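**Student:** need a 3D model of the following:
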Amino acid sequence: MTDTPTAPAPDGHRPLDVPQRALEVDLDQAFSQLLYRASLLQRLRAEEAQTARATQRDLLGILVEVDDALAALGLDRELVLLGRGTGIEATRRRLLGRLAKAGVRPMRLEGLAADPALTEIVGTEPRPAVAPETVVRTVVTGFFWEEEVLRRAQVVVAAVPEPAPVGEPVLAEDVEWALEPVPEGAAAPDLEPTEAGGDDTGPTEAEDADGGPEPAAAPVNPAARATAAPPRARRKGTAAGGRRKRKK
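**Tutor:** Predicted structure coming up:
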């Protein structure tokens with residue numbers, strides 16, 4: 001069997017010789033292997049990028065804490081008297097500039113409603129003219145990193161002032177009433193009002209046994225009228241007086 005002569009290529013170019021090994025390759029299997037290797041490399045790159053971003057986030061968080069330390073040093077009176085306050089403030093501005101280039105910016109939340117995703121409430125202050133849960137003061141500055149929250153802010157929010165306490169009516173059962181001890185042999189004072197000129201010595205044994213008339217009311221004591229005695233105290237005082245008088 002003779003080989004068929006190859007037609008000449010156009011423009012006088014000779015066709016490339018295809019190796020026999022390449023003709024024996026399974027194209028479907030080779031393409032699947034290439035897809036698997038590409039997906040594996042893509043996953044590795046995503047993991048490396050995620051690790052690098054987490055490391056960068058930790059580093060930015062440390063720099064934010066350095067800014068807090070510089071702010072605290074700027075408030076130190078001794079350092080200010082020594083003339084170090086200007087240098088500390090300049091260092092802080094430079095640090096904030098570097099953070100801004102990295103996409104870190106401080107939060108400005110005064111006058112806005114407290115958002116749990118951005119703020120942590122550490123206190124309240126009564127502000128009658130401000131809506132409740134409105135940020136009135138920032139204790140620790142929060143920071144954004146691009147579209148993420150690098151650190152939440154610690155804030156003080158407005159609270160509705162409590163109304164002034166209104167005097168409540170005092171019930172007789174809630175009044176603590178203490179009777180002074182009556183000396184032995186003395187008649188206990190009768191707290192029940194009686195009629196003028198009546199006998200305030202209490203019922204006698206005969207009247208008590210026979211169910212006689214109750215004693216007449218005595219003049220009302222102004223001191224006793226000023227301090228309203230509960231009904232229980234009246235009953236206790238009358239009963240005690242009656243027992244002591246009968247004993248006498």
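**Student:** tell me which strands and helices the longest helix out of those in the chain is in contact with?
**Tutor:** In terms of residue count, the longest helix belonging to the chain (DSSP state H) is helix 27-74. When contacts are defined as 3 or more C-beta pairs under 8 Å, 6 or more residues apart in numbering; DSSP states H and E, helix 27-74 sits against helix 85-101, strand 104-106, strand 143-145, strand 148-151. C-betas here are computed from N, CA, C, even on glycine.
**Student:** export the ones you listed to a markdown table and tack on mean pLDDT and distance to Val130?
**Tutor:** Formatted as a markdown table, these follow (pLDDT from 0 to 100; distance: least, C-beta to C-beta, whole Å):
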| stretch | mean pLDDT | distance to Val130 |
| --- | --- | --- |
| helix 85-101 | 92 | 29 |
| strand 104-106 | 94 | 22 |
| strand 143-145 | 96 | 25 |
| strand 148-151 | 94 | 24 |
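**Student:** which among those is found nearest to Ala71?
**Tutor:** In terms of C-beta to C-beta, the element of these nearest to Ala71 is helix 85-101, at 6.7 Å.
**Student:** residues contacting that closest one, please?
**Tutor:** 60, 63-64, 66-67, 70-71, 73-74, 79, 105-106, 143 (C-beta atoms under 8 Å, 6 or more residues apart in numbering).
**Student:** and the two most separated of the residues you listed?
**Tutor:** Leu79 and Arg105 (27.1 Å).
**Student:** below-threshold pLDDT in this structure: ranges please.
**Tutor:** Along the chain, the model assigns pLDDT under 70 to residues 1-12, 163-248.
**Student:** re earlier: mind putting the helices and strands packed on helix 27-74 into CSV with mean neighbour count and distance to Phe31?
**Tutor:** Listed next are the helices and strands packed on helix 27-74 as CSV, based on neighbours: other C-beta atoms under 10 Å; distance: least, C-beta to C-beta, whole Å:
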stretch, mean neighbour count, distance to Phe31
helix 85-101, 13, 44
strand 104-106, 17, 45
strand 143-145, 18, 41
strand 148-151, 16, 39
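**Student:** cool, thanks, talk later.
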